[in-house]
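*Asks:* I'll drop the sequence and a predicted model, then ask my questions.
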Amino acid sequence: MSDTVDLARALTELRAKTPLVQCLTNIVVANWTANVLLAAGAAPAMVDNAAEASMFAGIAGGVLINTGTPYAETAEAMREAVRGAAKSGTPWVLDPVAFGLPFRSEIARDVLALGGPAIIRGNASEIMGLAGVEASGRGVDAGDPVEAALAAARELAGKHGCVVAVSGPVDHITDGRRTVTVANGHDWMTKVTGVGCSLGALMAAFAAVAEPLDAAVAATALLCVAADRAADGAPAPGSFAEALIDHLFLLTPDELAASARLGHA
Amino acid sequence: MSDTVDLARALTELRAKTPLVQCLTNIVVANWTANVLLAAGAAPAMVDNAAEASMFAGIAGGVLINTGTPYAETAEAMREAVRGAAKSGTPWVLDPVAFGLPFRSEIARDVLALGGPAIIRGNASEIMGLAGVEASGRGVDAGDPVEAALAAARELAGKHGCVVAVSGPVDHITDGRRTVTVANGHDWMTKVTGVGCSLGALMAAFAAVAEPLDAAVAATALLCVAADRAADGAPAPGSFAEALIDHLFLLTPDELAASARLGHA
Amino acid sequence: MSDTVDLARALTELRAKTPLVQCLTNIVVANWTANVLLAAGAAPAMVDNAAEASMFAGIAGGVLINTGTPYAETAEAMREAVRGAAKSGTPWVLDPVAFGLPFRSEIARDVLALGGPAIIRGNASEIMGLAGVEASGRGVDAGDPVEAALAAARELAGKHGCVVAVSGPVDHITDGRRTVTVANGHDWMTKVTGVGCSLGALMAAFAAVAEPLDAAVAATALLCVAADRAADGAPAPGSFAEALIDHLFLLTPDELAASARLGHA
């Protein structure tokens, strides 16, 4: 990427290519995630059984590994999907939801040992936990400010040769050297379950059509700008959630580029 | 059935009898499917564990087998449910989502070997795949036009003594001899995850109160006419999804009959 | 508790403390349940694998066990969660969905043998079934009027030293000696999947900040008053569901106290 991210081009590419995104995600957000991907212009496929996960990763344009509700069988499918992605060169995204709890932490470490992700995304606690820095986690709630996690994010990016995105009031996205911030978004994004999880899926979608740093920034900007618009006129999180899907669908590439508030950190 | 399908009567019967529909479906669409069934007038029950699936199929009015996200345990439950349905004479519907992927293809073949379904529904790729005709599948996306799948649908219907429904811009429903088309519906039905999956569930609901061909046509017409109405006034797929549930609830039997555009092929 | 339940205080406490609610629930309602908890002011965490369930129950403010779609692995997780809750003194709620079906009935009996729940909630059939009284169950539909189940509820409350809540047109909540009724609510609550299931989750949330009888009454009143408001102006269950989430978020403690129609039975 150049110094700036061409958001309009990334979204145009996404909608032109409608990449197939294999999501191995949690039971809470599978429906929401699929609808976010469809509205944005991608094609979701939740192939999360161990028998099909590896071969499907060779067909998919991007793969999401989200550890929200892991089970023995889906954990094995996650390992298989990463093996398949590594073999075929398919970019994959790790969203280590509630990292720190033992079973999912083991899964996250396992998949990172099997192949290099394109992008790791999480809240500050998750990113600090994954980097081995002490964090205060309480399930999916972030207990640490984004800025405090930035050093951990840069270290993690360098170690795995990937992009690391830290969600928060201002999102920070780094490849270890450059750090892009996205200042859009609304507090109600934390009042609808799965908004963060769907951001990981959008990153996997954009990773099929753009370089990892551009992909993570474009996904974040798309979701946050759509959220800004959805919050205008919505009285509460129920209406907001529906409007968010609408605006993901309605937002044009030029509108995205004009409304995104990108910066550097 | 006679040459025409009495849509008003089918919907009246459905709402009078509120059939219990056992859904063994995927984690992405379970919530949506249950809400579609409730709005239409049926009673959903997602009994998808191996210990209860067979006995529950004897209580249910209809059973849905959907292979969207199969796991070892739910795959066994699908086999058990079909065994129970075959034993008790409960009509069941097969929706072979993403047929062609190995694990689910085996499940689809297994359940077809255990009993005769009332209805098989899928997109063109899935139906062609199940019939053994080469198709271009890419997850849940249909790569083949509906018309091209019609020969495969007729062959499949003859082989299994059932009705086969092929979803597309115009839906085709055949018992091998007669073919009914439904020309309602809106493109946004493909932009909301699970709309096709919920069609399979509606077919299982109507199969509890009508013959299979009538049931498949009535389910398709109900969903597509409700979608026509939902798309009027909805700006995008998020609003459309909510309005679709509303219109499934609000549509009267007479309105359904008046608005459905049935034909023969 | 005193003779009256201080609803305003309970909701104020909930929002001040945002208790973490561990939900081991079914695949149909996990998303809806999480959104209900978020809108009300609590923090959902669906930790339902056997490796993490027990330790997480020690972190959570309340635990929900809902038997809607049990599998071997999640059933074991439910036992582990109750073991963890019993050890740490975390209040937990049992929602024995479709009690009477064999696998889930065994799970419900198992967890009751492992520890004392704070609250048991269900429809009349489920409560009568759990109490060993003959009931007519048909999946999740209640076949018995609430009043008929009240004797069973009182017996169950006495046996397990807990509160028992029976859902219906008028909800009945008893600790075996006192019985509080909640006369709010709307028929469309039965036309949206998971509304009853989310009531169990809300009870687990309030149980983190109030005594069990107050918690069960406050959760019921909150959900039913929000439903009353949502039904005003919503044409059908699709719109109603979204408005219900909005009103759970918008309802103030004072409005809740003013609108709830509590009584004694």
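*Replies:* Yep, that arrived.
*Asks:* from here on, just use CA atoms for contacts and neighbour counts.
*Replies:* Noted.
*Asks:* show me where chain A has strands.
*Replies:* A:20-24, A:43-45, A:62-66, A:92-95, A:119-123, A:163-167, A:171-174, A:179-182, A:262-264 (DSSP state E).
*Asks:* helices of chain A, start to end?
*Replies:* Along chain A, counting by DSSP state H, helices occupy A:7-17, A:30-40, A:53-59, A:72-88, A:102-114, A:124-130, A:146-160, A:195-207, A:212-231, A:237-250, A:253-259.
*Asks:* give me whichever of the ones you listed is most buried.
*Replies:* Neighbour counts (mean count of other Cα atoms under 10 Å in any protein chain shown) averaged over each of these peak at helix A:195-207, with a mean of 30.
*Asks:* give me the nearest residue to A:Ser105, chain neighbours excluded.
*Replies:* A:Phe99 (5.3 Å; Cα to Cα, 6 or more residues apart in numbering or on different chains).
*Asks:* what residues are bridge-paired with the one you found?
*Replies:* In this entry, A:Phe99 is beta-bridged to A:Leu101, by DSSP bridges.
*Asks:* now stretch A:159-170: buried residues?
*Replies:* For stretch A:159-170, a neighbour-count test (16 or more other Cα atoms under 10 Å in any protein chain shown) marks A:160, A:162-170 as buried.
*Asks:* can I get the CA coordinates of it in CSV?
*Replies:* Listed next in CSV are the C-alpha coordinates belonging to stretch A:159-170 (Å, rounded to 0.1, in the frame of the first residue of the first chain):
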residue,chain,number,x,y,z
LYS,A,159,6.3,-11.8,15.2
HIS,A,160,3.7,-13.2,12.8
GLY,A,161,4.4,-11.0,9.8
CYS,A,162,0.8,-9.9,9.7
VAL,A,163,-1.5,-7.0,10.3
VAL,A,164,-3.0,-6.5,13.8
ALA,A,165,-6.2,-4.5,14.3
VAL,A,166,-7.2,-3.3,17.8
SER,A,167,-10.9,-2.3,18.0
GLY,A,168,-12.0,0.5,20.3
PRO,A,169,-13.5,4.0,20.2
VAL,A,170,-10.7,4.7,17.7
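*Asks:* so which residue is dead centre in chain A?
*Replies:* A:Gly200 (1.6 Å; Cα atoms, centre = their mean).
*Asks:* low-confidence ranges in the stretch 151-265 of chain A?
*Replies:* Counting by pLDDT under 70, the stretch 151-265 of chain A contains no low-confidence segment.
*Asks:* go again using 90 as the cut-off
*Replies:* The stretch 151-265 of chain A contains residues with pLDDT under 90 at A:233, A:265.
*Asks:* point out the residues in it that sit beside chain B.
*Replies:* A:242-247, A:249-250 (Cα under 8 Å from any Cα of the partner chain).
*Asks:* sorry, back to before: of the buried residues of stretch A:159-170, which are in range of chain C?
*Replies:* Answer for those near chain C: none qualify (Cα under 8 Å from any Cα).
*Asks:* what sits against A:Thr193?
*Replies:* Residues in contact with A:Thr193 (Cα atoms under 8 Å, 6 or more residues apart in numbering or on different chains) are A:28-29, C:31, C:34-35, C:38.
*Asks:* spell out which parts of the stretch 151-265 of chain A neighbour chain C.
*Replies:* Within the stretch 151-265 of chain A, the positions near chain C by Cα under 8 Å from any Cα are A:191-193, A:235-239.
*Asks:* repeat that for 6 Å
*Replies:* Contact residues, the stretch 151-265 of chain A versus chain C (Cα under 6 Å from any Cα of the partner chain): A:191-193, A:236-238.
*Asks:* next one: the stretch 1-150 of chain A
*Replies:* Within the stretch 1-150 of chain A, the residues that sit near chain C (Cα under 6 Å from any Cα) are A:28, A:71.
*Asks:* which single residue of the stretch 1-150 of chain A ends up nearest chain C?
*Replies:* Nearest residue of the stretch 1-150 of chain A to chain C: A:Val28, at 4.5 Å (Cα to the nearest Cα).
*Asks:* that residue contacts C:Ala30, correct?
*Replies:* Yes - under the criterion of Cα atoms under 6 Å, A:Val28 makes contact with C:Ala30 at 5.0 Å.
*Asks:* tell me, how many residues neighbour A:Arg261?
*Replies:* 16 (other Cα atoms under 10 Å in any protein chain shown).
*Asks:* how near is the closest residue to chain B within the stretch 51-200 of chain A to A:Ala77?
*Replies:* Using Cα to the nearest Cα, the closest approach of the stretch 51-200 of chain A to chain B is made by A:Ala51 at 6.2 Å. To A:Ala77, A:Ala51 is 7 Å away according to Cα to Cα, to the nearest Å.
*Asks:* residues contacting A:Ala50?
*Replies:* A:76-77 (Cα atoms under 6 Å, 6 or more residues apart in numbering or on different chains).
*Asks:* low-confidence regions, the stretch 1-150 of chain A specifically.
*Replies:* Ranges of the stretch 1-150 of chain A meeting pLDDT under 90: A:1-4, A:133-148.
*Asks:* ok, A:Glu52 - how many residues close by?
*Replies:* 18.
*Asks:* ok, A:Glu211 next?
*Replies:* 15.
*Asks:* ditto for A:Asp187
*Replies:* A:Asp187 sits with 13 neighbouring residues when counted by other Cα under 10 Å.
*Asks:* excluding chain neighbours, what is closest to it?
*Replies:* Excluding its sequence neighbours, the residue lying closest to A:Asp187 (Cα to Cα, 6+ apart) is A:Pro169, at 7.6 Å.
*Asks:* also A:Leu202?
*Replies:* Nearest to A:Leu202 is A:Ala219, by Cα to Cα, 6+ apart, at 5.4 Å.
*Asks:* how about A:Thr69?
*Replies:* Closest residue to A:Thr69 in three dimensions, ignoring its sequence neighbours and counting by Cα to Cα, 6+ apart: A:Asn26, at 4.8 Å.
*Asks:* so how far is A:Ala265 from the one you found?
*Replies:* Distance of A:Asn26 to A:Ala265, computed by Cα to Cα: 32 Å.
*Asks:* ok, the two, which is more surrounded?
*Replies:* Using other Cα under 10 Å, the more surrounded residue of A:Asn26 and A:Ala265 is A:Asn26, with 27 against 11.
*Asks:* possible to save the helices of chain A as a markdown table with distance to B:Val82?
*Replies:* Formatted as a markdown table, those follow (distance: least, Cα to Cα, whole Å):
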| stretch | distance to B:Val82 |
| --- | --- |
| helix A:7-17 | 39 |
| helix A:30-40 | 26 |
| helix A:53-59 | 26 |
| helix A:72-88 | 23 |
| helix A:102-114 | 35 |
| helix A:124-130 | 43 |
| helix A:146-160 | 47 |
| helix A:195-207 | 35 |
| helix A:212-231 | 42 |
| helix A:237-250 | 37 |
| helix A:253-259 | 48 |
